[in-house]
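**Q** model this:
(chains A and B)
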Number of protein chains: 2
Amino acid sequence: MELQEEKTIVEILKELLEARQYTMLRQTISEMNTVDIAAAMGEMEDEDSLKMFRILPKDMAADVFADLELDDQQYIIRSLSDREASNIIDNLMADDATDLLEEMPASVVKRILANASPETRADINHLLRYPEDSAGSIMTVEYVDLREDMTVNDAIERIRKKGVDSETINICYVVSRQKILVGTVALRYLLITKPDEIIGDIMNTNVISINTMTDQEEAARIFQKYGFTAMPVVDNESRMVGIITIDDVVDIMEEEATEDIEKMAAIVPSDKPYPKVGILETYRNRIPWLLFLMVSATFTGGIIAHYEAALTAFALTAYIPMLMDTGGNAGSQASVSIIRGLSLKEIEFKDLFKIVWKEIRVAFLCGFTLAVANFIRLLVFAHGVPITTSLVVCLTLFVVVLIAKLVGCFLPMLASRFGFDPAVMASPFITTIVDALSLLVFLNIATALLA
Amino acid sequence: MELQEEKTIVEILKELLEARQYTMLRQTISEMNTVDIAAAMGEMEDEDSLKMFRILPKDMAADVFADLELDDQQYIIRSLSDREASNIIDNLMADDATDLLEEMPASVVKRILANASPETRADINHLLRYPEDSAGSIMTVEYVDLREDMTVNDAIERIRKKGVDSETINICYVVSRQKILVGTVALRYLLITKPDEIIGDIMNTNVISINTMTDQEEAARIFQKYGFTAMPVVDNESRMVGIITIDDVVDIMEEEATEDIEKMAAIVPSDKPYPKVGILETYRNRIPWLLFLMVSATFTGGIIAHYEAALTAFALTAYIPMLMDTGGNAGSQASVSIIRGLSLKEIEFKDLFKIVWKEIRVAFLCGFTLAVANFIRLLVFAHGVPITTSLVVCLTLFVVVLIAKLVGCFLPMLASRFGFDPAVMASPFITTIVDALSLLVFLNIATALLA
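**A** Predicted coordinates for the structure are as follows:
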């Protein structure tokens, strides 16, 4: 299957739908991957998408539904009868169903759950209890658990019965009679072991598990550290209650990276992709920082107003943008490196002095290069400029880079130390502080050397 | 096992090592997860780390080695005899071994490969041929392939023989006699199928595969789209040559996010974590953009110099930082949202007009809010300022936000259209352009309305 053909496939599907060639449409669909069908439906108008959904073969409907975007899912659920909706919910993985219901009005959720099977209802009610962004809220309750007193043969029998529905059975979890997680067995290991061996004797007892209340970002990090594809989730009494699978973890990692990037650009993070965020929401996510930073920048203006006479007398105003921009850029480089390092757990607060020392040396090199480059530029291209002015500008440049790098590494480290999110200490915030400091340095050096 | 105890474990290991209590050390190690042992070794001095490695039980050594950071691996390989080194390479997954050897001097690689087993040598030489960052370079050649004419019983027999060593056997790949990839069978499905069924009859023929030359970032995206945990890699003749597993994909996604973040902060990306990058390399990664942006900012200075008389006459200089900063921030917000959207494939070039229209409306709201807020601020706090000056500043603010948002969304979109990396069009670059434009707008509005 060629992945590039996707776009034409959407068009073909739309045409077949408009021409009401439902038999042909059904056949085309049945040969497609459910992910691609869901992607195609995402690009259609809501009504067309609903029509497509009704045409889907029964055995594909649940899979396609699970792959749809949240808002498409909501539209379909609202458009169906309660019984039809409950039917879909019954066929979803409990964690996916919970994600969907969490975003819907309580009255709708109540009606749908009332019509769902008692088992689904219990699973979903259970999952709805966990706080958002906790390991409990992203786990699935469909997994294969074995008992330590089973034989290998019993185990394979149980997997045959339960396995096909489970999200992953590469690893089976072994629990005691009290449901305490005591070990794991790889499915492939069961295959090469004698049928009458006891699971408790062959299991791996070195199990790493996550508590239901662990933050999902922390859970993702543990996953990545150990290279797992699934991890068991236990409650406070070490009883096994579910598993987290790597596909959820991949989504979390991407979400967290986007959140960091948005915060670094002074945007209040949203968990929706760009095209799904409306005008007003985009406005609400962007305006708080813009307002705050605008007001902060007026302090820099105050500094200029205070030194206006000196600026004019020595023709220094024209250097302000270059000094401010360079300071901002040098500071952002340091802060963004530190923020990413903190977020990937590559650096910790205890490394503070090592990091500051490193940034000082880098700042020295960068500041020196920039000052020399600028001095040469002024010498060659700016003939009217007195050499003392050039010296003041270049000395300032050097000091500004040093200050910028220090502010850029100190602020995120301090933020992390005191439990604030370091990502907020990124470019725009650093720039505003460095701007004010740069100007103060510039005007003090200038009045000292030129006056 | 409590994850938080890790730090004390490192200390315990160091103490045992210093006290030469090797029996005790060996026993402590044998109860630990290999990932944790590797992490502990990473925090030790090189010699201690090597001592630890030599003490490791034979069956754990290869796993621990695979989990070490690249530079720790290199140190150990260099410290061992060629025969010992080759032994380790033989026991690594071929893709991990290739990653390691790629970073070592050719003479060392040659010596190690000469001592390795012929099979390992062939696998590694094969993998070394693929370009860096291609799917071929990250794939593993250890997987279970079945033939379509096998029975289910033959298949399980083959998995028993080959499976335990393979990175994943959750999914088995079915190939024809010519090694062409023709289908997949889930291991769990084999378990519930009659032993005499033919694989060709029960396999799933809707296989999605990746070409060896596909970029690794593209491969990661396909993975995530379909929620796979492993994907087959085929050559140009559709012959199966390896698989990519999700643990590699998770690392790639993180690497790519870091790369984007670094580019957005005007840093030349490095693929090493912050603490591993030396002073000189950090300098080399940061100075090019600093220099380029510094020179660009002098144009803004030129604009100021040109209008210096007007700035002084109407006391406008103090507003420059606020206008420049707000423009830069508003532009970064738009550009970073667009860049992330492009990088996650949430938006494409064909959405250009939809996006521009959205940004115009958001800019209108943001610009209006900021202008009004600023007007009130000037009215309340800045008593000496003439109302016409306030009007000029606020009108400029509005126009600047509009221009900034437009530049911020246009530039990354155009970059992506013409095959440049949109991430480079982030905050610092946008800020420099918006600075110049803001000043031009400001001074033109001012001279028109105030003069």
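**Q** which helices and strands does whichever strand or helix holds residue A:332 pack with?
**A** Per DSSP states H and E: residue A:332 is located in helix A:320-343. In this structure, helix A:320-343 packs against helix A:246-264, helix A:352-381, helix A:387-417, helix A:427-450, helix B:246-264, helix B:279-306, helix B:320-343, helix B:427-450, with contacts taken as 3 or more Cβ pairs under 8 Å, 6 or more residues apart in numbering or on different chains; DSSP states H and E. Just so you know, the C-beta spots here come from the backbone N, C-alpha and C atoms, and that holds for glycine as well.
**Q** And the residue of the stretch 1-150 of chain A that's closest to chain B?
**A** residue A:35 (5.0 Å; Cβ to the nearest Cβ).
**Q** Quick one: list the elements packing against the helix or strand hosting that residue.
**A** Residue A:35 is located in helix A:34-42, with elements delineated by DSSP H and E. Packed against helix A:34-42 by the contact rule (3+ Cβ pairs under 8 Å, 6+ apart) you find helix A:6-18, helix A:46-55, helix A:58-67, helix A:70-79, helix B:216-226.
**Q** Go through that helix and list whatever outside residues touch any part of it.
**A** Helix A:34-42 has contacts (Cβ atoms under 8 Å, 6 or more residues apart in numbering or on different chains) with A:6, A:9-10, A:13, A:29, A:48-49, A:52-53, A:56, A:60, A:63-69, A:72, B:225-227.
**Q** what about residue A:33, neighbour count?
**A** Look at residue A:33: counted by other Cβ atoms under 10 Å in any protein chain shown, it has 19 neighbours.
**Q** pLDDT at it, what is it?
**A** Per-residue confidence at residue A:33 stands at 83 (pLDDT).
**Q** Just the endpoints, please. Distance across stretch A:227-245?
**A** By Cα to Cα, to the nearest Å, the extent of stretch A:227-245 from end to end equals 12 Å.
**Q** hang on, residue A:143 packs against residue A:244?
**A** No. Residue A:143 is beyond contact range of residue A:244, at 10.0 Å (criterion: Cβ atoms under 8 Å).
**Q** Between the two, which is the more surrounded one?
**A** Neighbour comparison, residue A:143 and residue A:244: the larger count goes to residue A:244, with 28 against 24 (by other Cβ under 10 Å).
**Q** Packing partners of the strand or helix carrying the more buried one?
**A** In this assignment (DSSP H and E), residue A:244 forms part of strand A:240-245. Contact partners of strand A:240-245 among helices and strands, from 3+ Cβ pairs under 8 Å, 6+ apart: helix A:135-138, strand A:171-175, strand A:230-234.
**Q** still on that earlier bit, could I get the helices and strands packed on helix A:320-343 as TSV with mean pLDDT, mean neighbour count and distance to residue A:86?
**A** Shown next, in TSV, are the helices and strands packed on helix A:320-343 (pLDDT from 0 to 100; neighbours: other Cβ atoms under 10 Å in any protein chain shown; distance: least, Cβ to Cβ, whole Å):
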stretch	mean pLDDT	mean neighbour count	distance to residue A:86
helix A:246-264	81	21	24
helix A:352-381	90	17	55
helix A:387-417	90	22	46
helix A:427-450	85	22	48
helix B:246-264	81	21	33
helix B:279-306	81	18	56
helix B:320-343	86	29	35
helix B:427-450	85	23	49
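**Q** Against chain B, how distant is residue A:442?
**A** 12 Å (Cβ to the nearest Cβ, to the nearest Å).
**Q** Give me the nearest residue to that residue, chain neighbours excluded.
**A** By the measure of Cβ to Cβ, 6 or more residues apart in numbering or on different chains, the closest residue to residue A:442 outside its immediate chain neighbours is residue A:396, 4.5 Å from it.
**Q** give me every residue that touches that neighbour.
**A** So residue A:396 contacts A:319, A:323, A:438, A:441-442, A:445-446 (Cβ under 8 Å, 6+ apart).
**Q** same check, this time on residue A:298
**A** Contacts for residue A:298 were tallied using Cβ under 8 Å, 6+ apart; they are B:322, B:377.
**Q** do you know how far it is from residue B:376?
**A** Using Cβ to Cβ, to the nearest Å, residue A:298 is found at 13 Å from residue B:376.
**Q** go on, residue A:289?
**A** From residue A:289 over to residue B:376 (counting by Cβ to Cβ), the distance is 19 Å.
**Q** and the closest residue in space to residue A:31 that isn't next to it in sequence, which of the three is it?
**A** Using Cβ to Cβ, 6+ apart and skipping the chain neighbours, the partner closest in space to residue A:31 is residue B:206 (7.3 Å). Under DSSP: H, G, I helix; E, B strand; the rest coil, residue B:206 falls in the coil class.
**Q** In stretch A:36-47, which residues are buried?
**A** A:36-41, A:44 (16 or more other Cβ atoms under 10 Å in any protein chain shown).
**Q** How about stretch A:119-127?
**A** Under 16+ other Cβ under 10 Å, the buried positions of stretch A:119-127 are A:120-121, A:123-124, A:127.
**Q** ok, and which of the helices and strands packed on helix A:34-42 has the densest surroundings?
**A** Neighbour counts (mean count of other Cβ atoms under 10 Å in any protein chain shown) averaged over each of the helices and strands packed on helix A:34-42 peak at helix B:216-226, with a mean of 20.
**Q** Now that one: average pLDDT?
**A** When pLDDT is averaged along helix B:216-226, the result is 83.
**Q** where does the stretch 101-250 of chain A come near chain B, residue by residue?
**A** Residues of the stretch 101-250 of chain A lying close to chain B by Cβ under 8 Å from any Cβ of the partner chain are A:156, A:159-160, A:163-164, A:168-170, A:187-189, A:191-192, A:206-208, A:222-227, A:229, A:246-247, A:249-250.
**Q** repeat that for 7 Å
**A** A:156, A:159-160, A:163-164, A:169-170, A:187-188, A:191-192, A:206, A:208, A:222, A:224-227, A:229, A:246-247, A:250 (Cβ under 7 Å from any Cβ of the partner chain).
**Q** May I have the phi/psi pair for residue A:421?
**A** phi -80, psi 120 (degrees, to the nearest 10).
**Q** what's near enough to touch residue A:344?
**A** By Cβ atoms under 7 Å, 6 or more residues apart in numbering or on different chains, the contact set of residue A:344 is residue B:273.
**Q** ok, now residue A:155?
**A** Residue A:155 touches A:146, A:172, A:190, A:199, counting by Cβ under 7 Å, 6+ apart.
**Q** repeat that for 6 Å
**A** A:146, A:190, A:199 (Cβ atoms under 6 Å, 6 or more residues apart in numbering or on different chains).
**Q** By proximity to chain B, which residue of the stretch 351-451 of chain A wins?
**A** Counting by Cβ to the nearest Cβ, the stretch 351-451 of chain A gets nearest to chain B through residue A:365 (4.4 Å).
**Q** Name the nearest residue to that residue, sequence neighbours excluded.
**A** Among residues not flanking residue A:365 along the chain, residue B:283 sits closest, at 4.4 Å (Cβ to Cβ, 6+ apart).
**Q** Same question for residue A:295.
**A** Leaving out its chain neighbours, the residue that sits closest to residue A:295 by Cβ to Cβ, 6+ apart is residue B:377, at 7.2 Å.
**Q** same question, residue A:101
**A** Among residues not flanking residue A:101 along the chain, residue A:109 sits closest, at 4.8 Å (Cβ to Cβ, 6+ apart).
**Q** Is there a neighbour count for the one you found? I'd like the number.
**A** The burial count for residue A:109: 18, using other Cβ under 10 Å.
**Q** and it, helix, strand or coil?
**A** Residue A:109 is classified as helix under three-state DSSP.
**Q** want to throw the contacts of residue A:396 into CSV with distance to residue B:423?
**A** Compiled in CSV, the contacts of residue A:396 are given as follows (distance: Cβ to Cβ, whole Å):
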residue, distance to residue B:423
A:319, 30
A:323, 26
A:438, 26
A:441, 31
A:442, 31
A:445, 36
A:446, 37
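**Q** Thanks a lot, see you next time.
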